[in-house]
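Undergrad: test case, fold it:
(2 chains)
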Amino acid sequence: MLQMTQISKVFRTDLVETHALREFSLQVDEGEFVTITGPSGCGKTTFLNIAGLLETFTAGNYLLDGADVSKLGDYQRARLRNEKIGFIFQSFNLMPDLNLFDNVDVPLRYRGMKAAERRERIDAALDSVGLLSRKKHIPSQLSGGQQQRVAIARALVGEPRFLLADEPTGNLDSNTAMGVMELLQEINSTGTTIIMVTHDTELAQKSRRNIHILDGRIAEEGASTSAEPAAVPA
Amino acid sequence: MFLYYLRLSALSYRRNPILSTLMVLAVAIGISAYMIVFTLNYTMGGDPIPHKSGQLFHVQLDSGNPNTEADPPVQLTYIDAMHLQETSRAFRQTATSKFSSIVEPANPEIRPFSVIGRGAYADFFSMFDVPFQYGSGWDSAADRDLQQVVVLSAELNERLYGGADSVGETLEFDGDFWRVVGVMQEWNPVPKFYDINNGPFDNGEEMYIPWRHLVARDLPRAGNTNCWKSIEGTGLEAFLNSECVWIQYWVELRNADEEADYLAYLNNYVSEQKALGRFERPMNNALFDVNEWLVKEEVLPEETRILSMLAAMLLAVCLLNTIGLLLAKFLGKSAEIGVRQALGAHKGSLFIQHVIEAGFIGLLGGLLGLVLAGYGLEGVKLLLGNELMVTDWIRLNVPVVIITILLAIVATIVAGLYPIWRACNINPAMHLKTQ
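TA: Now for the predicted structure:
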C-alpha cells in the first residue's frame, strides 16, 4: 500500500548538503499502525512529509496504492492528499479564526462536496471525538487535548486510508497524550492505516510495529508487544 | 467556492486589521486621486450627444485675416450665416448666438431681472434633441414671420411660473410680449458643444427665441465678437455687413454623401465670395462633427493631461506600497497555506483564494476611494468655481462609480500577483512543523 524503495532526500544550500534520508526503504501494509522513532534530526519528519506528498525526494521510488507519486503533478498530489491521507500535527495547526465546524470542513471544501453531505460528515467526525456540542467554538476556547481531537476529526472527516501523525502528543500532558493515543488505536481498529512519528517510547510500544531511524536510515525495526491487531476491512 | 473564499477574505481582514486597513487606505488614496482626475477628464472630454454626434457638424468658413496665419475663425459673419440659412442645403441647420435682455414678470412680486438668452432657428431643438417638459420648439413659420414666441428653460419657468405648464402664457421682455410655446426639461450638455467659443462649461441659456429677432430688435449680443477688419461705417447695418464673426453655425447631415455635398456647396459659395473680393485666405472650409470639434478646440486643457499623469503616478506609488503590504500579509499566512496544502488544496485553488482576497481589499479600497473622490471633487469645485463659473457638472456618475470599483479591484489584484505567487509556492513542509 505504501512502498518506499531506496528513497534519498538531500537538502542543499550554497554551503552544505544535508542528507535527511539515505536509501530509505519501507513498506507499510493496509491497516497497520506503525510508529517511527529516533533522535531529533534523524529524518523522521522528512520521511513523514515525503509519505504525505508534501515534500519531494531526491532519489528512489515511492508507490502509494500502486501509483508512482514521482510522476504526479501538483494537482494530482493535492487530490491524493485530500482523498487518501489525513494529517495530524504536533501543534494541531487549526485555523485560529475558524470555528471547529469550519476547521473540520476545510478538506471537504477541496473535495467539492455538497453542503448537506459535508454537514453530516462534519457532525459525525466531531461527534466521534466528543466535541460536537462545541462546534461553534473557536480553537482558542479549547484545551490542547481538545484541539488535537479537533485536528483528528479534521483528518478523519474525509475518510482517508492513511493517517500520518507527526508527534501528535508532543504538546500534551501524559494523561491527555494517553487519551489521544487511545483514540488513534480506536481509529486504527476500524482499518485506517496509521504512521505516527513520536519521541515517546512508551507510546511507541502501543503500536503494532516500531521503526527506529538513525541518520536517515532504518536502524531497527520490530513488532511492539502491547498492541492489539487492527481489523483490516475486506 | 467563491463565497467561501470571500468569507475567508473577510476573516483574514479581521485577523490583521491594521495591515489590512493600511492596504485599503493605500488603494483608496491612489484610486481617489486617479478618479478625481478621471471624472474631470470624463466629463470634460466626454461625448455630450453620443447618439448623433457623428451627424452634427460645426461649419468652418475661413474668412479670417489674410495677413496673419491665425487659425480660421470659429464663428461666422452675418452675411455668411444668413446665406447658409436662406439656402438651407443641409438636412437641418441653425445659426445661433447669445443675447441678453430684461424680463419683466407679470407677477408684481417678482422684480424685473436680466437673462441670458439664445437666438436660434426652429431646427435647433430637433437637431440637438432638446427635451421638453411642456409644449415644443417653434416651427419654421415662426422663424420666417418673426413670430414673438419663446421657449423657456426649466429653471426660468420655475422662477416665473413655479414650474407649472406655462405654454400659452405671455411673457414680457425687451419691452414687448412673447407667447411661451415650450418649456425645456433640464438640458445642460457638457461640454456645451454648440457654443464652445463662449465657454464649454457654461450653463445653457434661460430662454430661446427665433434668431432673426436678434437683428430685427438689435438685442444686446452676449457672446464673443471678433473683427479682423475695421467696420466700415456705423450702426447695425454696417456691423452686419462687416467681417466680424459672432454667429455659431451647425448643420445636421445624415450620411457621408450629404457631408460631401454640403462641403462642396460651402466651397462653391466661398469661391463665389472670393470673386467678390472676400475670403482672401486660401480655401479652408471644413465640417467638424461634435467630437472632432471638441478635440480641435482643445476643450480638455493641457493641465488635465499633466494632472492625469501625476494621478497615475500616485496610484502607482500606492499600489507599490500595496504590493509590499500584501507580501507581508500573505507570507504571514504561510502556516495556514501549508495546512491547506496538506488538507488537499492545490496551488490553483490557493491562487484563486488569494486573488479573491486581494480583490476584496481592492473592493474596500474602491468604496473608500469613492468617498474620498466625492470629497475631492467638492474641493475641485471650490478651486475651479470662479474660473469656470459653473461647476455643477463635476460629479461622480454611474459609469465613473463602476469604473472606480473595477479599477480598484483589478489594480489591487495586479499588485497582488507577485505576493500571491510567492505565497502559493511556499514549501508546506517548512511551515507545518513550526506553526
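
Undergrad: isn't there a helix covering A:Gln76?
TA: Yes - per DSSP: H, G, I helix; E, B strand; the rest coil, A:Gln76 lies within a helix segment.

Undergrad: and for it, the neighbour number?
TA: Using other CB atoms under 10 Å in any protein chain shown, A:Gln76 is surrounded by 14 other residues. All C-beta spots, glycine's among them, are computed from the backbone N, C-alpha and C.

Undergrad: which pLDDT does the model give it?
TA: Note on A:Gln76: pLDDT of 93.

Undergrad: what of A:Asp68?
TA: Per-residue confidence at A:Asp68 stands at 90 (pLDDT).

Undergrad: residue contacts, it?
TA: Applying CB atoms under 8 Å, 6 or more residues apart in numbering or on different chains, we find A:Asp68 in contact with A:Asn61, A:Tyr62.

Undergrad: then A:His212?
TA: The neighbours of A:His212, taking CB under 8 Å, 6+ apart as the test, are A:Thr37, A:Gly38, A:Ile218, A:Ala219, A:Glu220, A:Glu221.

Undergrad: take the residues you listed and lay them out in a markdown table including secondary structure.
TA: As requested, the contacts of A:His212 are exported to a markdown table (three-state DSSP):
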| residue | secondary structure |
| --- | --- |
| A:Thr37 | strand |
| A:Gly38 | coil |
| A:Ile218 | strand |
| A:Ala219 | strand |
| A:Glu220 | strand |
| A:Glu221 | strand |
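
Undergrad: leaving out chain neighbours, which residue sits closest to the residue in the stretch 51-200 of chain B positioned nearest to chain A?
TA: Relative to chain A, the nearest point of the stretch 51-200 of chain B is B:His51 (47.9 Å; CB to the nearest CB). Leaving aside its sequence neighbours, B:His51 sits nearest to B:Asp129 (CB to CB, 6 or more residues apart in numbering or on different chains; 7.6 Å).

Undergrad: the one you found and B:Ser53 touch, don't they?
TA: No - the pair B:Asp129 / B:Ser53 is not scored as a contact, 10.9 Å apart, by CB atoms under 8 Å.

Undergrad: more neighbours, these two?
TA: Shown here are B:Asp129 and B:Ser53; by other CB under 10 Å, B:Ser53 has more neighbours (17 against 12).

Undergrad: that one touches B:Val290, doesn't it?
TA: Yes - proximity of B:Ser53 to B:Val290 meets the contact threshold set by CB under 8 Å, at 3.7 Å.

Undergrad: any residues in contact with both of the two?
TA: Both B:Ser53 and B:Val290 are contacted by B:Asp47, B:Phe193, under the criterion CB under 8 Å, 6+ apart.

Undergrad: can you pull the pLDDT of B:Val190?
TA: Per-residue confidence (pLDDT) for B:Val190: 81.

Undergrad: before we move on, what about B:Pro66?
TA: For B:Pro66, pLDDT reads 89.

Undergrad: helix/strand/coil for the closest residue to it other than its chain neighbours?
TA: With sequence-adjacent residues excluded and distances taken as CB to CB, 6+ apart, B:Pro66 is closest to B:Glu280, at 3.7 Å. Classification of B:Glu280 using three-state DSSP returns coil.

Undergrad: can I take it that the residue nearest to B:His51 is in a helix?
TA: No - secondary structure assignment (three-state DSSP) places B:Asp129 in coil, not in a helix.

Undergrad: alongside chain B, which residues does chain A contribute?
TA: A:45-46, A:49, A:52, A:54-55, A:74-75, A:77-79, A:81-83, A:87, A:89-91, A:93, A:95-98, A:106-107, A:109-111, A:154, A:158, A:166 (CB under 8 Å from any CB of the partner chain).

Undergrad: select only the buried ones of those in ChimeraX?
TA: In ChimeraX syntax, the buried subset of the residues of chain A next to chain B is picked out as below (16 or more other CB atoms under 10 Å in any protein chain shown):
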select /A:45,46,49,52,54,55,77,78,79,81,82,87,89,90,91,93,95,97,98,106,107,109,110,154,158,166
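
Undergrad: and the contacts of the top helix by length along chain A?
TA: Counting by DSSP state H, the longest helix found in chain A is helix A:174-189. Helix A:174-189 has contacts (CB under 8 Å, 6+ apart) with A:31, A:33, A:129, A:143-145, A:148-149, A:152, A:156, A:163, A:165, A:168-169, A:172, A:194, A:196, A:200, A:203, A:206, A:227-228, A:230-231.

Undergrad: what's the spacing between B:Glu158 and B:Gln133?
TA: According to CB to CB, to the nearest Å, B:Glu158 and B:Gln133 sit 10 Å apart.

Undergrad: low-confidence ranges in the stretch 201-350 of chain B?
TA: B:301-302 (pLDDT under 70).

Undergrad: what pLDDT is listed against B:Ile402?
TA: On pLDDT, B:Ile402 comes in at 89.

Undergrad: can you tell me the helix or strand for the nearest residue in space to B:Arg15 that is not next to it in sequence?
TA: Once flanking residues are discounted, B:Arg15 sits nearest to A:Asp97: 5.3 Å by CB to CB, 6+ apart. Following DSSP states H and E, one finds A:Asp97 outside all helices and strands.

Undergrad: who's in contact with A:Asp97?
TA: Applying CB under 8 Å, 6+ apart, the residues contacting A:Asp97 are A:Ile138, B:Leu11, B:Ser12, B:Arg14, B:Arg15.
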